[in-house]
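Trainee: fold the following.
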Amino acid sequence: MNIWKTKNIFTWLLAPFSLLFWLISQGRKGLYRKKILKSYRSPVPVLVVGNISVGGNGKTPVVIWLVEQLQQKGLKVGVISRGYGGKNKTFPQLVHAESDAIQMGDEPVLIAQRTNALVAISPSRQQSIELLLSQGELDLIISDDGLQHYALERDIEWAVIDGERRFGNGFVLPAGSLRELPSRLNSLDGIICNGGIPQEGEHLMHLATEYAIHLKTGEAKPLADFHHTPCVAMAGIGYPPRFFNMLQNLGISLENTYAFEDHQAYSADEILSIAEHLPLLMTEKDAVKCRAFAQENHYFVPVRAKFSEKSTACLLQPILDLIQKRKTQ
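Mentor: The predicted structure is shown next:
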């Protein structure tokens with residue numbers, strides 16, 4: 001929301017409600033810390049990838065990157081998610097690469113497709129973990145979001161922040177976009193800066209891409225092939241301008257852009273009307289919901305999280321040490 005970018009009259013009108021929100025959230029957090037409210041401790045290590053603000057900051061690419069990094073080291077990783085945006089009402093549920101994204105949620109299905117890891121969804125993280133563990137042994141469970149879900153105890157906490165938007169006007173909800181104050185970052189094990197200029201202690205991540213994938217055939221086409229014709233782009237993510245800017249920075253001319261709500265469910269008529277003849281480029285997260293009515297001019301642009309060797313080592317080593325320690329106990 002634009003009113004969250006700067007301090008304005010609405011900021012000050014909503015400030016008392018932000019104070020109330022902060023007091024309630026801090027009180028709730030304190031109740032969990034003092035064990036007055038019950039929390040769940042998983043029998044295997046848990047790492048949470050979350051954020052302190054609302055909106056898309058790039059958590060899902062980080063989760064996919066982390067799963068792939070650990071799988072390359074021979075570790076068994078499971079992922080849990082709330083399944084936000086999905087229509088499914090029966091929990092917990094295992095999510096597979098072939099699952100319906102409309103029912104299960106676009107992000108869990110995308111993670112399952114990209115990693116082939118065990119993925120479970122439920123508003124109760126405990127339910128999801130117990131379901132995953134019923135499928136076999138795991139070395140680590142990654143929670144996609146849930147930094148403020150203190151009913152789940154965790155061993156490692158990461159936060160992903162938008163390097164361009166940072167923290168907006170610095171207020172918590174509803175006067176600002178923050179769920180917790182920036183001071184919360186001081187207690188985390190890893191802070192990942194998605195684009196922009198990282199501050200001290202932050203690990204810079206950038207999202208890299210080279211190809212567009214045809215929705216119907218799966219054929220990969222270099223993005224350079226789209227330099228000679230105007231395209232249309234759509235994105236139903238937390239911050240659509242990031243996707244549009246990335247395409248333009250790669251030399252793609254966009255005749256029109258269409259920004260949708262995060263996790264939005266699409267209809268065939270809605271998508272077919274926005275690009276009848278020109279190539280339509282969408283995010284991979286959108287593609288999992290559009291394959292059923294994909295056309296010959298429909299492509300998605302997959303992105304991969306990239307870190308420096310130093311950041312990769314700094315982020316992974318504490319996880320590897322924790323897993324090894326648990327195995328020897």
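Trainee: where exactly do the helices run in the stretch 151-300 of the chain?
Mentor: 240-249, 268-272, 284-290 (DSSP state H, counting those that start in this stretch).
Trainee: run the chain-centre distance for the last one.
Mentor: Meaning helix 284-290. Per CA atoms, centre = their mean, to the nearest Å, the displacement of helix 284-290 from the mean C-alpha position of its chain is 14 Å.
Trainee: just checking, what packs against that helix?
Mentor: helix 101-104, helix 106-115, strand 298-301 (3 or more CB pairs under 8 Å, 6 or more residues apart in numbering; DSSP states H and E). The C-beta positions use only the backbone N, C-alpha and C, and glycine is treated the same way.
Trainee: which residues touch it?
Mentor: By CB atoms under 8 Å, 6 or more residues apart in numbering, the list of residues contacting helix 284-290 from outside reads 60, 101-102, 106-107, 109-110, 113-114, 213, 215, 234-237, 260, 265-266, 271, 282, 298, 300-303.
Trainee: again with the longest one
Mentor: Contacts of helix 240-249 from elsewhere in the structure, counted by CB under 8 Å, 6+ apart, are 56, 164, 195, 207, 209, 223, 231, 233, 235, 237, 254, 257, 259-260, 281, 283, 301, 303.
Trainee: now those: which count as buried?
Mentor: Burial by neighbour count, 16 or more other CB atoms under 10 Å: within the contacts of helix 240-249 this picks out 56, 195, 207, 223, 231, 233, 235, 237, 257, 260, 281, 283, 301, 303.
Trainee: OK, contacts around the fifth one?
Mentor: Shown in contact with residue 231 (CB under 8 Å, 6+ apart): 247, 252, 253, 254, 255, 278, 279, 280, 281.
Trainee: residue ranges with poor pLDDT in this structure?
Mentor: In the predicted model of the chain, residues 1 satisfy pLDDT under 70.
Trainee: starting at the chain centroid, how far to the longest helix seen in it?
Mentor: Using DSSP state H, we find that the single longest helix of the chain is helix 9-33. Put simply, helix 9-33 sits 25 Å off its chain's centre (CA atoms, centre = their mean).
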